[in-house]
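Novice: no FASTA, just this:
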């Protein structure tokens, strides 16, 4: 069974009397352990599609299955619980909480969503801190670390609940070339180590060339599917 499966998926937004068709009846499947990119110009529907997969926004019509669950029928509360149990997020602007340390930012999902016991939290946080090479920065605050380090923390936070799926919306947009390459390599290592599926929304050729499957969107329509680093 695919980890993510969409059939005739559609999203329409209403702005006053105007309807904006952000996603137009798309079909796709994504297998477990994949490294996938949705690409296309601004306004093509990439971020909207990630929001649908991440249960941040309900589709207007069609079917969407994530981790074996029909997420189109989830209530807002059920969607929040489902995200906490199965999905991690990485954002282009990091979304770290400035008043929390690196350790506390990574711990936050375990407290707010899954409420792990303290001993288990400490063990898991130590594991992901080591995996992203940030053990020696655990007591620092976001203002005290670089952009690349912030994104490493964001990756660790996304992985700390051991989700089956991580959604990354333009994760390298605010990083220089060298740092972006390191973050991409890190994510691939995390995929290999933890078996996590990564789905990207991106303009960045550095991300795209590392993807195993590339879905090209244009005006909300899936125009093309390619396999295996075609932009390398």
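Specialist: Good, I have the coordinates. Note that the structure is predicted; figures quoted are calculated from it, not measured. Numbers count the residues shown, from 1 in each chain.
Novice: alpha carbons only for contacts and neighbour counts from here, please
Specialist: Fine.
Novice: and stretch 188-200, how far from the chain's centre?
Specialist: 11 Å (Cα atoms, centre = their mean, to the nearest Å).
Novice: return the helix or strand in the chain with minimum mean pLDDT.
Specialist: Using mean pLDDT, DSSP states H and E, the weakest-scoring helix or strand in the chain turns out to be strand 221-227, at a mean of 83.
Novice: helices or strands up against that strand?
Specialist: Under the contact definition 3 or more Cα pairs under 8 Å, 6 or more residues apart in numbering; DSSP states H and E, strand 221-227 sits against strand 18-30, strand 213-218.
Novice: most tightly surrounded among the ones you listed?
Specialist: The highest mean neighbour count among those, using mean count of other Cα atoms under 10 Å, belongs to strand 213-218: a mean of 21.
Novice: which residues sit against it?
Specialist: 34-41, 44-46, 208, 222-229 (Cα atoms under 8 Å, 6 or more residues apart in numbering).
Novice: thought residue 141 was touching residue 99?
Specialist: Yes. Residue 141 is within contact range of residue 99, at 7.0 Å (criterion: Cα atoms under 8 Å).
Novice: between the helices and strands packed on strand 221-227, which gets nearest to residue 147?
Specialist: strand 213-218 (26.5 Å; Cα to Cα).
Novice: this protein: helices as residue ranges?
Specialist: In the chain, the helices defined using DSSP state H lie at 46-53, 76-86, 102-109, 118-131, 147-159, 177-194, 205-208.
Novice: comparing the ones you listed, which comes out most buried?
Specialist: Buried most deeply of the helices of the chain, by mean count of other Cα under 10 Å, is helix 147-159, with a mean of 24.
Novice: what's the spacing between that helix and its chain's center?
Specialist: Put simply, helix 147-159 sits 12 Å off its chain's centre (Cα atoms, centre = their mean).
Novice: now which of the contacts of strand 213-218 would you call buried?
Specialist: The neighbour-count test (16 or more other Cα atoms under 10 Å) marks 34-40, 44-46, 208, 222, 229 as buried among these.
Novice: state the distance from the residue most central in space within the chain to residue 118.
Specialist: Note on the chain: the residue nearest the mean C-alpha position is residue 167, at 1.2 Å, using Cα atoms, centre = their mean. Distance, residue 167 to residue 118, using Cα to Cα, to the nearest Å: 27 Å.
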